[in-house]
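In: Mind looking at a prediction? Sequence and model below.
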Amino acid sequence: MAWDIKDPARLLADELTLRAESGYDLSIAEPRVSAALEQGDLSSIARAELTLEHTVRRHDWPYVEPSDLAEIERSRTPAPAPPSSLDDDALGDRLLAAWLGRCAGCNLGKPVEGWSRARIRGYLDHAGAYPIDDYIPVVDDMSGELRLNDCWPETTRGNVAFMARDDDIDYTILALHLLEDRGFDIGPGDVAAEWLDHLPYTQIYTAERLAYRNLVIGLMPPRTASFRNPYREWIGAQIRADLYGYVFPGDPSSASSMAFQDASLSHTENGIYGAMWVAALIATAITTPDVSEALRTSITWIPPRSRLVEALHDVLEMHASGMDWELARDGIEARYGHYSSVHTINNAAVVASALLWGDGDYTTTVGLAVQAGWDTDCNGATAGSVFGAAHGTQALPGRWIDPLNDLIKSSIIGFDRSTPSDLAERTLRLARSSSRNGVRAAGMRS
């Protein structure tokens, strides 16, 4: 989804929304922002931006959401996962399954990315394809609400011949290259350099595009994340975190800490926590295939008084109560549907629900992640990645994997037409290197 970062009025309005969602006292700022948006001139907008930047949180705000790694670590009481005891063959199979599961889930969600749950249900009912049990079929008359996204010739049933180019997969590849090139001792500055060297500006969106802009105008992390970037709690960092879980099997501490180094370039607070959570979840799932246990463990690696933890606990409690998925999805909508369709919190809740109600079945898991709506390609990719990491290639049905033809289209310089099998082999080398050398990411530089 493209986002116009050159529209200062849009950025101002979205910054107001973010601060309203995040508990800021806007009693003075909101009328000034409204007046600036009505006037529309750049000087009024600039003054309103400064007013917003000086707002503070309300005294009754119940959450504690630091963006500093040391503060995050002090706030939590983590539950470590069992260390990896997998041999190279077993671990390699889990990593290949994670790559493949991520690709297939991402392809599944691309034709309906950004659609509401109701619109997806209407399309699938019209196509006779609800619930999802394969790639989305193409209907004869794709008009109005039935018109799939423009990527449909590459991502629909009978048309998949590779993993179509997508930022979700690009970032996983980029993180692999980053660690191969720079090793495990990385900070946000290393991630920034990798972006500038290998990531085309036109192929990134929202928080990442604004952080990229901030780098180009000379800002350094963590200011790149916060300066006039109202998307800093959206899903972008969460979709960049999988590789860090892959390379630290059974070590959610290092996985989550490394994800922080990546996420803090462009995100703050819950935007960072989404990345840390996914990395910890994957690292845990590789050695703890019970998804409910892995979810509960992974949540302990992010601040307990955050809105993200609250949402994930809500999902776990709905599942434990015996509620069916449709009712649970209604609950997610009621509690977290006010967030943007590409926010971290509501989409993380969707991923958790897909993993829980998926009940160890890949088709059900990625199907629920996409049927839920919102950021469908991201959620399908993350749910598929976690599933593959937990269950291995034998649990991935051929109708999802065979059409990929072991091929990925990518905009990362030097990585177009990569193969999941090669990427998995390279990931295994990094995972074994971290294990043999006792690498721990908790003390990494900022």
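Out: Here it is on my side, so go on.

In: In the lowest-mean-pLDDT helix or strand in the chain, which residues are buried?
Out: Sorting the helices and strands of the chain by mean pLDDT, DSSP states H and E puts helix 420-436 at the bottom, at a mean of 92. Buried residues in helix 420-436, counting neighbours by 16 or more other Cβ atoms under 10 Å, are found at 420, 423, 424, 426, 427, 428, 430, 431, 432, 434, 435. Using the backbone N, CA and C atoms, a C-beta is placed for each residue, glycine as well.

In: surely the fifth one meets residue 97?
Out: Okay, so that is residue 427. No - the criterion here is Cβ atoms under 8 Å, and residue 427 misses it with residue 97 at 11.5 Å.

In: Please identify every residue contacting each of the two.
Out: Residues touching both residue 427 and residue 97 by Cβ atoms under 8 Å, 6 or more residues apart in numbering: none at all.

In: Quick one: the helices in the stretch 101-250 of the chain, in order.
Out: 117-127, 152-155, 167-182, 188-198, 206-216, 223-226, 242-246 (DSSP state H, counting those that start in this stretch).

In: cool, the stretch 251-400 of the chain as well?
Out: 252-263, 269-287, 291-299, 307-320, 325-336, 344-358, 362-371, 376-391, 398-401.

In: can you tell me which of the ones you listed comes nearest to residue 87?
Out: Residue 87 lies closest to helix 269-287 among the helices of the stretch 251-400 of the chain, at 12.8 Å (Cβ to Cβ).

In: Centre of the chain to that closest one, how far?
Out: 9 Å (Cα atoms, centre = their mean, to the nearest Å).

In: just to revisit the earlier point, so which of the helices of the stretch 101-250 of the chain is nearest residue 264?
Out: helix 188-198 (5.2 Å).

In: residues in contact with the closest one?
Out: With contact meaning Cβ under 8 Å, 6+ apart, helix 188-198 is reached by 174, 177-178, 181-182, 208, 212, 215, 220-222, 224, 261-262, 264-265, 412-414, 446.

In: For these, which ChimeraX command selects only the ones that are buried?
Out: Buried subset of the contacts of helix 188-198, written as a ChimeraX selection, criterion 16+ other Cβ under 10 Å:
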select :174,177,178,208,212,215,221,222,224,261,262,264,265,412
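
In: Now for the nearest residue to residue 335 once chain neighbours are set aside, how many residues are close by?
Out: The shortest distance from residue 335 to any non-neighbouring residue, by Cβ to Cβ, 6 or more residues apart in numbering, is to residue 314 (6.5 Å). When counting by other Cβ atoms under 10 Å, one arrives at 18 neighbours for residue 314.

In: hang on, residue 314 packs against residue 349?
Out: Yes - the pair residue 314 and residue 349 qualifies as a contact (Cβ under 8 Å) at a distance of 7.1 Å.

In: who touches both of the two?
Out: Contacts common to residue 314 and residue 349, judged by Cβ under 8 Å, 6+ apart, are residue 332.

In: residues touching residue 276, list them.
Out: 72, 241, 256, 257, 259, 260, 263, 301, 302.

In: Recalculate using a threshold of 6 Å.
Out: By Cβ atoms under 6 Å, 6 or more residues apart in numbering, the contact list for residue 276 reads 256, 259, 260, 301, 302.

In: Let's see the pLDDT reported for the third one.
Out: The confidence metric pLDDT takes the value 98 at residue 260.

In: quick one: it and residue 70 touch, right?
Out: No - contact criterion Cβ atoms under 6 Å: residue 260 and residue 70 do not qualify, at 10.5 Å.

In: How about residue 117, nearest residue that isn't a chain neighbour?
Out: Counting by Cβ to Cβ, 6+ apart, the residue nearest residue 117 is residue 373, at 3.5 Å.

In: Next, count neighbours for residue 322.
Out: 6.

In: Please report the distance of it from residue 293.
Out: 18 Å (Cβ to Cβ, to the nearest Å).

In: ditto for residue 376
Out: 27 Å.

In: okay, these two: which has more neighbours?
Out: Using other Cβ under 10 Å as the criterion, residue 376 and residue 293 rank with residue 376 on top: 30 against 15.
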